[in-house]
Each structure stands twice: as C-alpha cells, then as structure tokens.
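1. what follows is a predicted protein model with its sequence.
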Amino acid sequence: MRRLHILFLACLLVPIMGAQAQKKKKNKKPNVLFIISDQHKQTFSGAYGHDIIKTPNIDALAKNGVTFENAYAPAPVCAPTRAAIVTGMYPYANGAIYHKAPVINANGKEVRKGSGFLRSTGYHDDIKTIAEVFKKDGYITASPGKMHVHGELQKNVDPAHPERNDMGWDVVNTRYYTHFPGGHYEDEVGKDAYHRYRQILEYKKYGGSQDLNPQLKPSLVEDHEDNFDMVVARKAVEFIDERGKDDESFFLHVGFEKPHLPLTTLQEYYDLYDQNDFEFPETVNDWYKSGKYPWVQNWVHHGLPKNKPEQAKRVMAAYAACITEMDEMIGRIVTALEKNGLADNTIIIYTSDHGEHMWEHGLRGKHNMYDAAIKVPFILSYPKALPQGTRNETLVSLVDVMPTVAELIGADVPEEVQGVSLVSTSKNGKTIKDRTVFAEYRAGDYKAFPKQKDLPSRMMRKGNMKYIYTHGVIDQLYDVEKDPNERENLALNPAYQSLLEEMKFQTLVEWRFDKYSEMKVDRKGNTLQWDACDYTEDYTIFYAKNNNPLEAKVIKKDLADLSFEVEQKGYYWVMAQPKLTRTTPHYGEKVPVWIAAHTFDLPISNAVEVKKNLSK
C-alpha cells in the first residue's frame, strides 16, 4: 500500500513539476536561433515559390513566420556580409571591408590574408557584436559552424593581439574558412575527413568544371556524418540539448556551408532531382549576345550554358541537392528545439550571406550587384509574438538582424548600429517607408582596370529603384519592379538623370574606406574651391541647411569651373561627374563606359560648412 501511495504521489507531482517547468520557460526571455547558409539563391526554395527545389524545413519556417521578399546582403561575398551581421553595421562603417584582406608582409610585398589571422584586418575594436549584446543580457551564446568574420582570433595567433577575441561567443566550434586552431572543422573530424570534404581538384578527372561538379559525384567523406553541415547540425543539437536540461536562455548562431561550392553532397540528395526538370533563366544568353558586362569581373562570365548546356543543367541539379542537404540539417535543429520543449519560446531566423546567379545573366557565382547575387532569403519565425504565414515587401538588410532580435528580447542596441528593427513591420504588415539599403564590394579582374585588385562598388536600393556605382565605370540604374531582370539601364535615359544624380550622391556621400580618398574642398570667403578630380567632366553642387545628406538638394549642375560662389549658410557638397571615354562591345562604339585610367579619387567631397549668409 505504501508503494502504491508513493507512486500515486509521484503521478500527482509529475504534472505539477511539469507545469512548473512550463511556467518557468513561459516567463523567461525568448531564445534565438539564427541560421545562416552560404550562397543560397533567394528564389531557390519552396518558400520563395520554386516548384522544384525541395526545402520542407525552410518552407515550414515560412509557414510559421514572416517571409521578407526584399532582403539584401550588405555585400555579394561572405566575409564582409558576416561581419556586417554580427556588428549591425555596413562594411565601410565597421571596417571589415575585405573578403581576403591585403597585408604587407616582412618582405614589403602585399599578400592576402583570410579571417582568423590578424585583428587589424577585422571590425573596429570598439564595436559591440551581437553575441556581446546577448551575453550582457544574461544569455549563453554559441556559434557552431562557419563564422568567417575578420577580427575573430584564437589565443597567440596574432602577435599584436596575443589574447583571443571570442566576439562574445561562449561556445565556439567547427570553424571553416577562418584560421581557428583547436576550434576548426578539421579538429572535429580529423585531417583525413577534412581533406576529403573539399577535394575540389579530385572531381576534375570526372570531367567538367572542378567545383561545379556537373558529373554529380558524391562527397568523398567516408562517414557521411562527418560532412561539414552534418557536424555543425550535430553541434547545434548538442547545445540545444544542454539548454533543455539547464533552461538557460540562449542565442545560437548556426553557420552552414551549403550550397556554397563545391556542389558535392550525398547521393541520396542527387537522387531527388532530374536535371531535365530545370530550365535556364530568361537572361541566360544576354552577355553572349551583347558582350561582357563592363561592370562585372571577367571570370564571373561563364560559358557553360552556351557551350555545354546539359552540364549546366546538371550543375543546377547539384546546387539544388546541396540546398536540400542544408535544409535537412535545419530540420534536425528545429526538431531538437521541439524535443526539448524550447520551440515555442525560440525566435528563429533563416537567411544566407549572399545569393548565386546560377546562370542568370549568363553568370555564375556572386561578386556583383545584380539581385541574383545580393538578394537573400530572410524568414523570421516567432509565432508567440509575430504573425504566421505572411509575406512582407519592406526593404531589408542583414544589418537589421541585431536590432530586430534585440527588440524582441528587450535588449539595448549599441548606438552605432545602422540597421533597424523589423518587429513593427512584421506585426502590422506595412512596409517601412523611405527605407534605403546598401551593399558594397571590392574586387579585381575587371577588364577596365586589370591591375586593380580592390576596385570598389556600391549599391543603393530605395523603393523600386536600384542604383549601382562601380568606380570608373558607367552608372547603373534599374526600376526593378518594371524590369526585374535588370536589363534596361536607365542611366542612359535622359529622363532619369535627376534621380540618378540624387541616388549617386546618397550612395557616395558617407562611404569612406581604405585607399580611396574624397575630394578636398576649401572655402575662401564666399567661394568654394577644389582641385580637378582625375578624368572628370563637370561637377554638381548639393546643399542642405543642416549637416544631413538626406536633406541635400542639387543647386548647381554641369559646373565646369573648379570653384563655386555660395550665398547662404548651411552645408555644401561637391560631386564630380566622371568623363567616360572607353567603349566595349556591350553598348557599342557610341556609348563610352570606362574612364581613361584608374584613380583613387572618390568623386565626392565631405560637407563644407558655411556659418553665415554671404553676399557677392
């Protein structure tokens, strides 16, 4: 009888204890699961309308959350975007502007360094990361998988900074692309599996392009669970299981590698796709007909669809298979949340660090400012506080991640953060008015300037208009609503010159970075004076009453002189208009697209203040 009594009491206590546990979890701050893949083309998922790509777990997040249609990466390449996410700042502002940073070695030669080697090539010292924001608020922070942020360091790697820079992560493992002794993918699986994972050249003997894997050869890793994304998912699940036991609030950053090249995965994922089901995009032959784009690097122009279309479609199938592999790993992590009773109180974000052309415009990869390269999936799921199954047209940047999740947990955001919270627009479904987002990039292999390794470019999107500045190259302006394929460059249309001038000014006015310098403008009495800017045709003067570029308006155009008489107090900017002289087949001999030679002068000045009204 006593035993039965004890069992009866136990049966009573279990639901009571369970209710107490549920109450505890219900009242604590929400957890955050941030999942970022690598090079996932926005339109290649069921959530974004693709009828072939199999992404059931991403689709489930969209069903339970808000899907943003116009999300942009801060850069069309990994490292700058990822630093922008963790700092909430655009690359030029946080200082981590390079994918591989130029460094002068002991012999006086410039070499390129990846992330994890030097603190000086990373984001600025005084910037607080998203992990530090959460840690300050009492969260346990973890980041299994790819991080690829310049500035993250292990101990005793950088002689100038012998102490490690953990960026605020309590738990770190399975780094990739980042030099991270003791916490690298290789440390998890051993040298053999590590070398098997990315043996790009090994696939060349099967024919076709090396890392595109058109022959659909499966991963060389012998134990399938040793493939990178599988290891990352396992580490994430282990972390979640621990939080299920201790009930501590957490911020979990999960960095997958797929569908980044090489397009190698398991046979089971290849078997899900038939190459013949894929269709080439409408723009696949564009540059074959008109010549290479003057604003795109040479190597990004790819001949596979034209020369070997069957192989190109197998590449699409391989890319799709890698997406589905990554999606299944998302499923493992979400399942772990559910098993541990944490799903209802966890904010989940899914995104990617940039896009992928996959033959749009006849291009492959990213590395430019077409939407295929910089638009990304962005899904915010938190049914406890946000709508489910909705779609939002607001312009979004990945610098918005920090302020968004900070608002949801009630944390303070550092003042220097440039992103905005997406909580309100998620709740009410209204787009954020007058939102402007940017992306930037530095690269080499432009035909116009073959010796320049870091030619800068920057994109501005506002409303349905998109402007792209590439240094020394013809401007680009597109109405992406009327022209979603970005084929009609409105920079050549006289009717759009005023808008072009305004967007160019806003793109350049605060953009400052290594090596390139703004125009120097002096004021003598009531006269602004400046030296000639290399290869410049004329100048435009902008004016605002306050030192706010957003309020600046054009007050003088087509100015050929190197001076300007001012009359009223306020702030003035000078913007140079480059003189384009060289042509390419893309637009023919009548439309110049490049300046005569490269210059390190940015065609914009800083603001010049005039403190009182002046008369002539």
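-> Everything's here; your move.
2. tell me where the stretch 301-450 of the chain has helices.
-> Applying DSSP state H, counting those that start in this stretch to the stretch 301-450 of the chain gives helices spanning 304-307, 309-339, 371-374, 401-409, 423-428.
3. what is the helix or strand hosting Arg243 packed up against?
-> Here Arg243, judged by DSSP states H and E, is contained in helix 228-246. Secondary-structure packing of helix 228-246 (3 or more C-beta pairs under 8 Å, 6 or more residues apart in numbering; DSSP states H and E): strand 140-144, helix 185-197, strand 250-255, helix 309-339. Heads up, the C-betas are built off the backbone N, CA and C, glycines and all.
4. identify the residues contacting the second one?
-> For helix 185-197, the external contacting residues (C-beta atoms under 8 Å, 6 or more residues apart in numbering) are 173-176, 181, 219-223, 226-228, 231, 235.
5. please repeat the previous calculation with a cut-off of 10 Å.
-> Helix 185-197 has contacts (C-beta atoms under 10 Å, 6 or more residues apart in numbering) with 144-146, 173-178, 180-181, 184, 198, 202, 219-223, 225-228, 230-232, 234-235, 257, 262, 264.
6. selection in PyMOL covering whichever of those are buried, please.
-> Applying 16 or more other C-beta atoms under 10 Å to these, the buried members can be selected in PyMOL as follows:
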select buried, resi 144+145+146+173+174+175+176+177+178+180+184+198+219+221+226+227+228+230+231+232+234+235+257+262+264
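7. show me how the chain divides into domains.
-> The chain breaks down into these domains under automatic domain parsing: 2-429, 439-610.
8. which stretch in the ones you listed has the least confidence?
-> In terms of average pLDDT, domain 2-429 trails the rest of those, at a mean of 92.
9. how far away from the center of its chain is that domain?
-> Centroid displacement of domain 2-429 relative to its chain, using C-alpha atoms, centre = their mean, to the nearest Å, is 10 Å.
10. if we can go back for a sec, identify, out of the domains of the chain, the most deeply packed stretch.
-> Mean neighbour counts were taken over the domains of the chain using mean count of other C-beta atoms under 10 Å, and the top value, a mean of 20, falls to domain 2-429.
11. how about the residue nearest to the spatial centre of the chain, what does it touch?
-> Closest residue to the average C-alpha location of the chain: Ala73 at 3.0 Å, with C-alpha atoms, centre = their mean. Contacts for Ala73 were tallied using C-beta under 10 Å, 6+ apart; they are 42, 80-82, 84-85, 351-355, 366, 373-376, 378, 397-399, 437, 439, 441.
12. in strands only, show me those residues.
-> Members of the contacts of Ala73 lying in strands (criterion: DSSP state E): Thr351, Ser352, Phe378, Ser397, Val437, Ala439, Tyr441.
13. state the pair within those residues that is farthest apart.
-> Greatest spacing in those, by C-beta to C-beta: Phe378 and Tyr441 (19.5 Å).
14. just the CA coordinates of stretch 220-237, formatted as PDB?
-> Coordinates of each C-alpha in stretch 220-237 appear next as PDB, following Å, rounded to 0.1, in the frame of the first residue of the first chain:
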ATOM      1  CA  LEU A 220      34.400  11.800 -50.800                       C
ATOM      2  CA  VAL A 221      33.900  11.900 -47.000                       C
ATOM      3  CA  GLU A 222      33.700   8.200 -45.900                       C
ATOM      4  CA  ASP A 223      31.500   8.800 -42.800                       C
ATOM      5  CA  HIS A 224      28.500  10.800 -44.100                       C
ATOM      6  CA  GLU A 225      28.000  12.400 -40.700                       C
ATOM      7  CA  ASP A 226      31.500  13.900 -41.000                       C
ATOM      8  CA  ASN A 227      30.400  16.200 -43.800                       C
ATOM      9  CA  PHE A 228      30.600  19.800 -42.600                       C
ATOM     10  CA  ASP A 229      26.900  20.700 -42.300                       C
ATOM     11  CA  MET A 230      26.200  17.400 -40.600                       C
ATOM     12  CA  VAL A 231      28.800  18.200 -38.000                       C
ATOM     13  CA  VAL A 232      27.500  21.700 -37.500                       C
ATOM     14  CA  ALA A 233      23.900  20.400 -37.000                       C
ATOM     15  CA  ARG A 234      25.200  17.800 -34.500                       C
ATOM     16  CA  LYS A 235      27.000  20.500 -32.500                       C
ATOM     17  CA  ALA A 236      23.900  22.700 -32.600                       C
ATOM     18  CA  VAL A 237      21.700  19.900 -31.400                       C
END
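15. show me where the stretch 1-150 of the chain has strands.
-> For the stretch 1-150 of the chain, the strands defined by DSSP state E, counting those that start in this stretch occupy 31-37, 66-72, 101-104, 110-113, 140-144.
16. can you redo these as JSON lines with distance to Leu490?
-> Output for the strands of the stretch 1-150 of the chain, formatted as JSON lines (distance: least, C-beta to C-beta, whole Å):
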{"stretch": "strand 31-37", "distance to Leu490": "33"}
{"stretch": "strand 66-72", "distance to Leu490": "19"}
{"stretch": "strand 101-104", "distance to Leu490": "35"}
{"stretch": "strand 110-113", "distance to Leu490": "36"}
{"stretch": "strand 140-144", "distance to Leu490": "42"}
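17. any chance of the backbone angles for the residue nearest to the centre of the chain?
-> The phi/psi pair for Ala73 (degrees, to the nearest 10) reads phi -80, psi 150.
18. any chance of the helices and strands packed on helix 228-246 in CSV, with distance to Ala131 too?
-> Converted to CSV, those look like this (distance: least, C-beta to C-beta, whole Å):
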stretch, distance to Ala131
strand 140-144, 4
helix 185-197, 20
strand 250-255, 7
helix 309-339, 18
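19. Asp277 is nearest to which of the ones you listed?
-> helix 309-339 (8.1 Å).
20. tell me what angle that closest one forms with strand 31-37.
-> Helix 309-339 runs at 170 degrees relative to strand 31-37, counting by axes from the mean of the first three to the mean of the last three C-alpha atoms, to 10 degrees.
21. got the angle between helix 309-339 and strand 250-255?
-> 170 degrees.
22. show me what helix 309-339 is packed against.
-> For helix 309-339, the packing partners by 3 or more C-beta pairs under 10 Å, 6 or more residues apart in numbering; DSSP states H and E come out as strand 31-37, helix 56-63, helix 228-246, strand 250-255, helix 267-270, helix 304-307, strand 346-352.
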